[in-house]
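> Provided below for reference: sequence and predicted model.
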Amino acid sequence: MIYLELLLGFLKVGCFTFGGAYSAIPLIRDVVLSCGWLSDEELSYMIAVSESTPGPIMVNLATYVGSSQAGFLGAVLATLAVVLPSFFVILLVMNLLKGILKSKYAQAVLQGLKPCMIGIILATGVYMTLHNCFPLAQGAKVDFRALMIVVLLVACMSMYRTLKKKKLSPILLIIASAVLGIIIY
């Protein structure tokens, strides 16, 4: 039964995610928490680990959740389920819809989706930051160490942008956050 749940849960994520892995996090959160596969805190940690390891976040999360719930076969099923919809859509687009993507209507739809994806990604980032710095658990206090890491990362990013006149590499931000996490925690 767990195999079918993993397959259907991550097939849902794979079918209804648009805009990349960061926009998938709310849907993954919904599926994983509603099935009781991970707690919210465990999921937040796994998102951070999945983001800092090679490969797409959705695939890393699906593989981890599948493995933790049903071993190797669960990892394979969850990974395939999250990847197959995109694979088939890409095949369909490449073979059947080459001309349609050049139309002004298709381009208008894609342009309309961009602000939605930016909003979803921004909302996810704000949610994760607030949830980790200001836990909502009963009796929980402000996590000043997490808040300090956020403030230091924002300050580093701002200073780098001001001094170098360009954006700080996400890879450097991930490395800096890992180092800060090791030092502060």
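Alright, I've got the coordinates. In this text the structure is predicted, and so the values were computed from the model without any measurement.
> mind checking which helix or strand the spatially most central residue of the chain is in?
For the chain, the residue nearest the mean C-alpha position is Y22 (3.7 Å; Cα atoms, centre = their mean). Here Y22 sits within helix 21-35, counting by DSSP states H and E.
> give me the mean pLDDT for that helix.
Regarding helix 21-35, the rounded mean pLDDT is 86.
> check stretch 89-109 too.
pLDDT averaged over stretch 89-109 gives 82.
> on that earlier part again, tell me which strands and helices the helix holding Y22 is in contact with?
helix 2-16, helix 40-52, helix 57-96, helix 104-133 (3 or more Cβ pairs under 8 Å, 6 or more residues apart in numbering; DSSP states H and E). Where C-beta positions appear, they are placed from N, C-alpha and C, glycine not excepted.
> buried stuff in that helix?
Residues A21, Y22, S23, A24, I25, L27, I28, R29, V31, V32 are the ones in helix 21-35 that count as buried (16 or more other Cβ atoms under 10 Å).
> is it possible to get CSV of the helices and strands packed on helix 21-35 that adds distance to V154?
Formatted as CSV, the helices and strands packed on helix 21-35 follow (distance: least, Cβ to Cβ, whole Å):
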stretch, distance to V154
helix 2-16, 30
helix 40-52, 17
helix 57-96, 22
helix 104-133, 10
